Each structure stands twice: as C-alpha cells, then as structure tokens.
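1. The amino acid sequence is not available; the structure is as follows:
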C-alpha cells in the first residue's frame with residue numbers, strides 16, 4: 001500500500017547506500033520500484049552482480065566516500081573480510097581481545113578514487129537524499145556531518161553502524177554519533193546491538209581441547225557475545241519537520257519510512273500533523289487510512305505472538 005501511494009503521487013525517494021557490500025537494505029524492498037538507488041563501495045569483492053534489479057533508477061559508484069572536499073584519492077585498507085575494509089586502519093591492539101580479529105587482517109592497501117556525497121548529488125542531479133544508509137567502518141558520523149546544509153536538512157531517515165569498541169583507529173563511536181543526531185532533530189527508531197566473543201586467539205591456542213579452529217567455533221557459538229557495534233536507525237522528529245517548514249513530499253516520506261520500520265504510531269502522528277498543516281485533503285485522508293489499516297494488522301500479529309508466548313510459558317511451567 002505504501003508503494004501504491006508513492007507511485008500515485010509520483011514520489012521517487014532517493015535511497016543512498018554508502019558501503020554497499022552485499023545487497024541493498026531489505027527494508028527498501030517494498031518501495032524499490034519507485035525509488036532511485038545510489039550505492040557506493042570501492043571494495044567490490046562482495047558486491048553482488050545485479051544488486052539493484054527492480055529499482056526505478058540505480059547508480060553504482062565504485063569510489064570511496066569521504067568527508068573532505070579536498071581529497072580525490074584515499075588509502076583504502078582491504079581486510080580479510082570485505083565487510084571490514086575501511087579508509088581507517090584497523091586498531092589491532094584493541095581487536096586482539098576479540099575472536100573476530102582475523103576478519104580485520106589487512107591483506108592489501110590501495111589508493112582509490114574518492115568523492116563526497118555533495119559532489120555525487122550534483123553530478124547525478126539529486127535535489128535530496130531521503131534515506132541515507134552509512135556503513136563505512138568507522139566514519140559514519142563524519143560522512144553525515146559533511147552533507148551540505150540543504151541535503152542535511154531534508155534528510156528524512158538515516159541508518160548508521162557505529163562502533164562500541166575501537167575496531168578502527170580514530171573511528172566515530174556510537175556515543176558521539178547518537179548525541180549529534182538527536183541534537184540534529186533525529187530520534188532513535190531502531191537499535192540492534194551486535195558483537196562477538198571477547199577472547200584472545202592465543203588463549204585458544206594454549207588450550208588442549210581439540211583443534212584450535214574447532215575450539216574457536218565452539219566459543220563463537222556457545223559463549224556470551226560482547227557488544228561491539230550497533231545497527232541504528234533514526235527518523236526525523238515532527239518538531240524538526242515543522243521548524244524546517246518541510247514540504248508535503250517530505251512529510252509523506254517520513255510517514256512511509258515510519259511504516260516500513262513498523263513505527264505505526266509515529267506514522268499516524270505524522271499523518272495527523274500532515275492534515276493539520278495541509279488540510280483535510282484526499283491525500284491526508286488516504287495516508288491516515290493506510291497507516292491505520294497497516295497498524296491494525298501489525299497490532300493483531302503482535303497480540304497473537306504475545307498470546308502464543310504466554311501460552312508456551314504457561315505450558316513450560318506446567319510441565320516443570
């Protein structure tokens with residue numbers, strides 16, 4: 001239903017994916033047929049052959065994104081895992097405390113072309129970036145802060161993956177990232193804490209319990225995970241939207257992105273604000289109706305899941 005409305009209103013959200021190893025974010029799938037996709041990743045070892053099938057328009061840019069207008073090249077650290085490659089060198093002293101340290105082993109360094117989001121936006125004639133996903137392994141905050149004022153003020157949603165530990169030298173950590181974004185009129189819509197086992201590989205080597213690789217596997221799958229980084233999603237607040245005098249398009253995208261992220265209550269708040277600002281138009285009535293319909297379906301699923309969990313818990317207690 002979200003896709004149908006965007007299509008009818010001829011709204012084409014611009015979705016920018018900085019760090020595009022693998023596939024575009026799955027959350028974008030429902031609206032991709034009406035979306036403009038722009039993906040960046042200089043490490044093409046895990047870039048899918050056809051990652052953007054089905055998008056209204058798609059651009060893959062094989063350059064690194066930096067926060068500096070003065071750099072046209074940067075040194076890129078190619079790590080054992082393509083998902084860990086970065087313009088920042090890994091902090092090996094910090095990483096040696098964790099079992100996933102080998103993923104960050106630098107297998108090569110390369111000078112790669114560099115650009116900024118501002119330059120690419122001009123080159124592709126993008127008047128806005130509506131949803132920005134940044135996964136640059138340590139520089140997410142500075143990339144966001146480098147946006148030109150017009151691009152930054154109209155940004156509706158932002159996904160970042162800042163660290164909780166020092167995986168890279170001089171990286172942007174979650175604490176600073178969260179404060180900056182909330183100060184800039186975002187609220188935290190989703191947060192997934194990710195991590196790995198805090199254990200040194202040389203400790204495994206000293207254990208006499210089978211092969212080192214087998215022992216490492218057992219610890220990775222049977223031991224408590226220590227927080228290492230987060231996957232965080234931010235949406236703009238309605239207070240910010242009002243202060244910036246957002247257009248109907250921006251409010252509709254905020255409504256649509258909230259629904260995609262299952263923030264049904266906030267989507268209805270956005271629909272109500274849209275009606276109060278732009279009048280009781282057919283569009284205002286439709287976004288309210290669609291949000292209510294989706295919210296009720298989502299609420300029913302949540303209630304059913306909650307009841308099932310309650311029954312299972314009661315049965316387990318009875319059997320014990």
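-> Structure received. In this text the structure is predicted, and so the values were computed from the model without any measurement.
2. For the stretch 201-320 of the chain, which segments count as strands?
-> Using DSSP state E, counting those that start in this stretch, the strands of the stretch 201-320 of the chain run over 226-236.
3. Can you pull the poorly scored residue ranges out of it?
-> 208-210, 298-320 (pLDDT under 70).
4. if you set the cut-off to 80 instead, what comes out?
-> Along the stretch 201-320 of the chain, the model assigns pLDDT under 80 to residues 205-218, 220, 298-320.
5. OK, contacts around the nearest residue to residue 226 once chain neighbours are set aside?
-> Among residues not flanking residue 226 along the chain, residue 198 sits closest, at 4.1 Å (C-beta to C-beta, 6 or more residues apart in numbering). The C-beta positions use only the backbone N, C-alpha and C, and glycine is treated the same way. Shown in contact with residue 198 (C-beta atoms under 8 Å, 6 or more residues apart in numbering): 97-99, 226.
6. change it to 10 Å
-> 97-99, 165, 223-228 (C-beta atoms under 10 Å, 6 or more residues apart in numbering).
7. pLDDT score for the closest residue to residue 197 other than its chain neighbours?
-> Closest residue in space to residue 197, ignoring its immediate chain neighbours: residue 99 at 4.5 Å, by C-beta to C-beta, 6+ apart. pLDDT for residue 99: 89.
8. Hmm, residue 99 is touching residue 212, no?
-> No. Using C-beta atoms under 10 Å, residue 99 makes no contact with residue 212, being 11.2 Å away.
9. So those two - more neighbours on which side?
-> Higher neighbour count among residue 99 and residue 212: residue 99, with 21 against 14, using other C-beta atoms under 10 Å.
10. Spit out the contact partners of that one.
-> Neighbouring residues of residue 99 by C-beta under 10 Å, 6+ apart: 196-201, 203-204, 216-217, 219-220, 223, 226.
11. Quick check: it vs residue 218, distance?
-> Distance, residue 99 to residue 218, by C-beta to C-beta, to the nearest Å: 11 Å.
12. who touches both of the two?
-> residue 204.
13. And the residue lying closest to residue 89 once chain neighbours are set aside, how far from residue 225?
-> Excluding its sequence neighbours, the residue lying closest to residue 89 (C-beta to C-beta, 6+ apart) is residue 169, at 5.1 Å. Per C-beta to C-beta, residue 169 is found 24 Å from residue 225.
14. Return the set of residues that bridge with the residue nearest to residue 226.
-> residue 98 (DSSP bridges).
15. For it, give its distance to residue 215.
-> Between residue 198 and residue 215 the distance is 15 Å, computed by C-beta to C-beta.
16. can you check residue 91 too?
-> Relative to residue 215, residue 91 is positioned 25 Å away (C-beta to C-beta).
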